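**Student:** Return atomic coordinates for the entry below.
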Amino acid sequence: MADRDEVVKDLLLLIQEAAEPLGAGALRWGLQERGHGLSEATVGRLLGDLEAQGFLEKDRNKGRRLTPEGRKHLALLEQASVRDSAARDFVDSVLSQDRDRILELLEARRAVEQETARLAAQHATEEDVEDLRRSVEIMESQAREGKGVSEEDTRFHRVLARAGGNRLLGAAVDLLRQNPFYARELEIIRREAGRVANPDHRKILEAVEQRDPELAELAMRRHLDNLMEDCRRYWRR
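**Tutor:** Numbers count the residues shown, from 1 in each chain. Presented below is the predicted three-dimensional model:
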């Protein structure tokens with residue numbers, strides 16, 4: 001669930017659970033208790049947006065209360081939050097198991113991301129290609145400077161999935177890559193193997209630039225195969 005959706009969900013819950021209509025000041029404190037550090041002005045703008053969408057209504061000068069549409073929207077946000085939590089629990093449970101399970105997760109990534117690379121080579125716009133190129137250049141620069149690349153690596157693969165245009169595959173990539181601990185651990189393994197500054201991402205980029213689906217699929221497969229082999233070598237040590 002996006003950060004804004006989480007804030008909206010908690011704000012609507014506060015209004016629903018309150019005994020009387022709430023204004024921006026009271027809601028700001030309630031959101032702060034739930035971990036959202038927003039200014040009163042920001043909360044006020046958010047309330048205005050939600051009112052314009054028909055989810056809230058003013059009760060004279062007392063504050064806002066939920067409309068029937070607001071209750072429906074809150075229910076949808078709560079369902080999405082439960083789904084996201086279940087997805088995170090699934091990935092966390094995989095990572096808490098033995099090394100074979102981690103390799104299974106990488107195999108799942110290979111199956112999904114080979115197809116996202118193929119589709120990106122077929123459907124990527126010039127803007128998508130430029131975004132991928134910029135991401136590769138950032139990773140290469142960070143690797144040369146000895147900085148971590150895991151966040152940019154994750155962004156590269158998400159941009160690639162977006163460029164492919166298949167939303168279900170994009171959601172699968174998000175699911176398999178959403179745990180930051182997992183990304184950092186794999187970066188440590190690649191660093192130990194001397195492969196943080198690897199050419200894999202640039203080869204994928206070049207295949208997409210050439211609009212060559214087979215080459216893009218092969219480049220992604222080799223990338224994941226290399227990562228799996230790095231893991232095996234690291235664990236043998």
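**Student:** Could you use CA atoms for every contact and neighbour count after this?
**Tutor:** Will do.
**Student:** Which residue of the chain lies farthest from its centroid?
**Tutor:** Within the chain, the residue lying farthest from the chain centre (C-alpha atoms, centre = their mean) is residue 60, at 40.2 Å.
**Student:** Secondary structure element holding it?
**Tutor:** Here residue 60, judged by DSSP states H and E, is contained in no helix and no strand.
**Student:** For it, grab phi and psi.
**Tutor:** In terms of degrees, to the nearest 10, the main-chain angles of residue 60 are phi 50, psi -120.
**Student:** give the contact list for residue 170.
**Tutor:** Going by C-alpha atoms under 8 Å, 6 or more residues apart in numbering, residue 170 touches 116, 158, 161-162.
**Student:** For the residues you listed, give me TSV that also has pLDDT, secondary structure and distance to residue 124.
**Tutor:** Below are the contacts of residue 170 laid out as TSV (pLDDT from 0 to 100; DSSP: H, G, I helix; E, B strand; the rest coil; distance: C-alpha to C-alpha, whole Å):
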residue	pLDDT	secondary structure	distance to residue 124
116	95	helix	11
158	91	helix	13
161	93	helix	10
162	93	helix	9
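**Student:** which two in the residues you listed are spaced the farthest apart?
**Tutor:** With distances taken as C-alpha to C-alpha, the most widely separated pair in the contacts of residue 170 is 116 and 158, at 9.4 Å.
**Student:** Who has more neighbours out of these two?
**Tutor:** residue 116 (29 against 20; other C-alpha atoms under 10 Å).
**Student:** Return the host helix or strand of residue 25 as PDB; C-alpha atoms alone will do.
**Tutor:** Using DSSP H and E, residue 25 maps to helix 24-33. Written as PDB, here are the backbone C-alpha positions of helix 24-33 (Å, rounded to 0.1, in the frame of the first residue of the first chain):
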ATOM      1  CA  ALA A  24      -7.300  19.300  11.400                       C
ATOM      2  CA  GLY A  25      -5.600  19.900  14.700                       C
ATOM      3  CA  ALA A  26      -7.100  16.900  16.500                       C
ATOM      4  CA  LEU A  27      -6.500  14.700  13.500                       C
ATOM      5  CA  ARG A  28      -2.900  15.800  13.300                       C
ATOM      6  CA  TRP A  29      -2.200  14.600  16.800                       C
ATOM      7  CA  GLY A  30      -4.100  11.400  16.200                       C
ATOM      8  CA  LEU A  31      -2.000  10.700  13.000                       C
ATOM      9  CA  GLN A  32       1.200  11.500  14.900                       C
ATOM     10  CA  GLU A  33       0.400   8.800  17.400                       C
END
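**Student:** pLDDT of that helix, averaged?
**Tutor:** The pLDDT scores in helix 24-33 average 88.
**Student:** outside of stretch 23-32, which residues touch it?
**Tutor:** Residues contacting stretch 23-32 (C-alpha under 8 Å, 6+ apart): 7, 10-11, 14-15, 37-41, 43-44, 47, 62-64.
**Student:** List buried residues within the residues you listed.
**Tutor:** 7, 10-11, 14-15, 40, 43-44, 47, 63-64 (16 or more other C-alpha atoms under 10 Å).
**Student:** List the ones among the residues you listed that fall in helices.
**Tutor:** Under the assignment DSSP state H, the buried ones among the contacts of stretch 23-32 contribute 7, 10-11, 14-15, 40, 43-44, 47 to helices.
**Student:** Only the buried residues of the helix holding residue 25, if you could.
**Tutor:** In helix 24-33, counting by 16+ other C-alpha under 10 Å, buried: 24, 27-31.
**Student:** How about stretch 164-180?
**Tutor:** 164-165, 169-170, 172-178.
**Student:** And stretch 120-127, by the same measure?
**Tutor:** 120-124.
**Student:** In strands, which of those residues appear?
**Tutor:** If you go by DSSP state E, the buried residues of stretch 120-127 have nothing in strands.
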